[in-house]
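Asker: Have a look at this prediction, sequence included:
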Amino acid sequence: MNIFFILLKLYYFILILSKANLKEIEKEEEEREDFISEEYESLLNWAKKNLLNMTDKIKLTEYNEEKQYIATKSISKGEIIFDIPQNITLNIKTFYSYFPSKKLEKKYDKYLKLGKKSNKMLNDISYIDQSFMAFLLYKINKLKEIEEKNYEINNFFEEYYKYISFIFEDDLSHLPSSFTNEQTKKFMNTSFSSFYNLMNGYLVGETEILKQEIFKDDINLDEYFKYRFLLLQKTFNISNTTSLVPFVDLIKHDFNNKNINCKIVVNKDRIRIKAIKEIKGGELLIIKQKKITNQYSFFFYGKTYDELIDYMPSFIIPIIIPDILIDEGIELNIQESGEENQIDLVWDKYYEIIIPTYKEVLKLTGKDDSIINCYNLFLKYITLIRDTIRMNKVDELKRFFSEKRDIDNIKRIIKGEIVFLDKKIKELENVIEKNKNENKRIKSDKNIRNNKTEQYEDL
């Protein structure tokens, strides 16, 4: 065929493909609608009166139920997009300024001390700050309903909270803690169930300390958790202070460094969003997403990501379980949940840690306690965990969840754990094979030495 006609066909093919892509982009742009509400306008106007500087080259849009900023004009590298004053952020000091009584500071100091040493809650200062502020917001909103004449509460509402309340309107129905019991059962055959129960325990534990030790007041968990989760999702460490920064959570977050086009820059009294590359009109503003596990992200944010599918900084399991040899009629007397019976599969050479326990078990059962047999028994155990997770019936999820997002999240949790364990199984199989080869080499060397000794004796 003439080279000219080949090139012509190729040109038309590329042209058709480009038009198809263009139509797809135009369709997406049509679906991405401007988001302008009275609440957002109120927040924006209030922030500007309090010295917020914001470029006029962006607008807020809504796409796939998410509010995001998009560039309307080209933004140059190094250009300041937002210049946010500290005085409109929400942190412990904000509450002190509206509720100047020393009692509040004393309550916080007491809670901080209890939180740092308590085994009922997470000891990280950010979590302590978030939970304390969440309780304050919960309590203030509750009192606002019944104490119209309280000056401090009214002042807080009129001067501050009614403007930032827009930030607390997010839909939390995708959080696992919002699921029904039937829905929750759909991911209980995973290690995420342990994480879920652990985090729920911490959340309940912190509320017990807040209501029994600090405020001596009852608490409606559903109402408290609204503020607790949203503060966790939206706060940042700004100059060593846990702060909610208006507008920042409306910027898209991404793990892929290639997509990042702006970043947060913190100065003494300002928080700035700065372009780190040229942002063309029609592009979303995107900042770096902190790398966390899908388990953590699912529990606290109601989101999971393909990029994190098997990212597991920790995967703790019992070293051995009582019924590992149940198919042979042997049930071991072991405390499965004891700390001394825990192992993290991400540890380097984690399989060497199990050897003493498995040697003892094999001896008790009258079996060969070689290292290879120990590894083989542990391999059987990890494979059992993987196969148990595989038993989750993902094809039934549509019966219990109406939202595709929830189904996709659970599928990623299940898939991620299977992929992670597949890798661990393969790793252990390679270790076993290596040990077998090493044993063969040692046996071969021993035979050679024996043969040489026999030949020497014959001489």
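Answerer: Structure's in. What do you need?
Asker: tell me the domain boundaries of this structure?
Answerer: If you go by automatic domain parsing, the domain ranges for the chain are 1-31, 92-303, 316-453.
Asker: wait, which of these is closest to Asn45?
Answerer: Ranking the domains of the chain by proximity to Asn45 (CB to CB) places domain 92-303 first, at 8.5 Å. All C-beta atoms are positioned from the backbone trio N, CA, C, and that covers glycine.
Asker: Which residue, neighbours along the chain excluded, lies closest to Ile410?
Answerer: Phe187 (5.2 Å; CB to CB, 6 or more residues apart in numbering).
Asker: ok, Ile214 - contacts?
Answerer: Residues near Ile214 by CB atoms under 8 Å, 6 or more residues apart in numbering: Lys107, Lys110, Tyr111, Leu114, Phe135.
Asker: let's see 7 Å
Answerer: Lys107, Lys110, Tyr111 (CB atoms under 7 Å, 6 or more residues apart in numbering).
Asker: can you pull the pLDDT of the last one?
Answerer: This means Tyr111. pLDDT for Tyr111: 96.
Asker: next one: the first one
Answerer: Predicted confidence (pLDDT) for Lys107: 95.
Asker: show me what contacts it?
Answerer: Ile214, Phe215.
Asker: go on, the second one?
Answerer: When contacts are counted by CB under 7 Å, 6+ apart, Lys110 is found next to Ile214.
Asker: which stretches of this structure have low pLDDT?
Answerer: Residue ranges of the chain with pLDDT under 70: 1-35, 147-149, 333-339, 445-459.
Asker: returning to that earlier point: my guess is the residue nearest to Ile410 contacts Lys411, does it?
Answerer: No - with contact defined as CB atoms under 7 Å, Phe187 does not reach Lys411; the gap is 9.8 Å.
Asker: which of these two has more neighbours?
Answerer: Under the criterion of other CB atoms under 10 Å, the comparison of Phe187 against Lys411 puts Phe187 first, with 23 against 15.
Asker: Tell me which residues touch the more buried one, please.
Answerer: By CB under 7 Å, 6+ apart, the contact set of Phe187 is Ser193, Ile410, Ile413.
Asker: Swap in 10 Å and give it another go.
Answerer: Phe187 makes contact with 176, 179, 193, 196, 298, 389, 392, 394, 397, 409-411, 413-414, 417 under the criterion CB atoms under 10 Å, 6 or more residues apart in numbering.
Asker: Can I have the buried ones of these as a ChimeraX selection?
Answerer: ChimeraX command restricting these to the buried ones, with burial defined by 16 or more other CB atoms under 10 Å:
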select :176,179,196,298,389,392,397,409,410,413,414,417
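Asker: Return the subset of the contacts of Phe187 lying in helices.
Answerer: Judged by DSSP state H, helices contain the following of those: Ser193, Tyr196, Phe298, Ile389, Leu397, Asn409, Ile410, Lys411, Ile413, Ile414, Glu417.
Asker: now, which of those residues sits nearest Asn155?
Answerer: Phe298 (38.7 Å).
Asker: show me what contacts that closest one?
Answerer: 174-176, 187, 192, 195-196, 292, 304-305, 308, 406, 409-410, 412-413, 416.
Asker: switch the cut-off to 6 Å
Answerer: Taking CB atoms under 6 Å, 6 or more residues apart in numbering, we find Phe298 in contact with Thr304, Asn409.
Asker: Just give the nearest non-adjacent residue to the most centrally placed residue in the chain, would you?
Answerer: By CA atoms, centre = their mean, the mean C-alpha position of the chain lies nearest to Ser297, the distance being 2.3 Å. Nearest residue to Ser297, sequence neighbours excluded (CB to CB, 6+ apart): Lys303, at 5.3 Å.
Asker: pretty sure Glu62 is in a strand, no?
Answerer: Yes - looking at Glu62 with DSSP: H, G, I helix; E, B strand; the rest coil, it is inside a strand.
Asker: I'd like to know how far it sits from Ile251.
Answerer: Glu62 is 14 Å from Ile251, where distance means CB to CB, to the nearest Å.
Asker: Those two: which is more packed in?
Answerer: Each of Glu62 and Ile251 has its neighbours counted (other CB under 10 Å); Ile251 has more, 20 against 15.
Asker: That one contacts Leu285, correct?
Answerer: Yes - between Ile251 and Leu285 there is a contact at 4.8 Å, judged by CB atoms under 6 Å.
Asker: what is in contact with these two at once?
Answerer: Tyr69.
Asker: for Asn107, helix, strand, or coil?
Answerer: Careful, residue 107 is Lys; it's not Asn. Of the three states, Lys107 takes helix according to three-state DSSP.
Asker: got it, and Tyr202?
Answerer: Of the three states, Tyr202 takes helix under three-state DSSP.
Asker: So it sits against Lys120, correct?
Answerer: No - using CB under 6 Å, Tyr202 makes no contact with Lys120, being 7.2 Å away.
Asker: Among those two, which residue is more densely surrounded?
Answerer: Tyr202 (18 against 15).
Asker: quick one, what contacts that one?
Answerer: Contacts of Tyr202 (CB under 6 Å, 6+ apart): Met121, Leu122.
Asker: and with 8 Å instead?
Answerer: Contacts of Tyr202 by CB under 8 Å, 6+ apart are Lys120, Met121, Leu122.
Asker: Pipe those into JSON lines and attach secondary structure per row.
Answerer: Formatted as JSON lines, the contacts of Tyr202 follow (three-state DSSP):
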{"residue": "Lys120", "secondary structure": "coil"}
{"residue": "Met121", "secondary structure": "coil"}
{"residue": "Leu122", "secondary structure": "coil"}
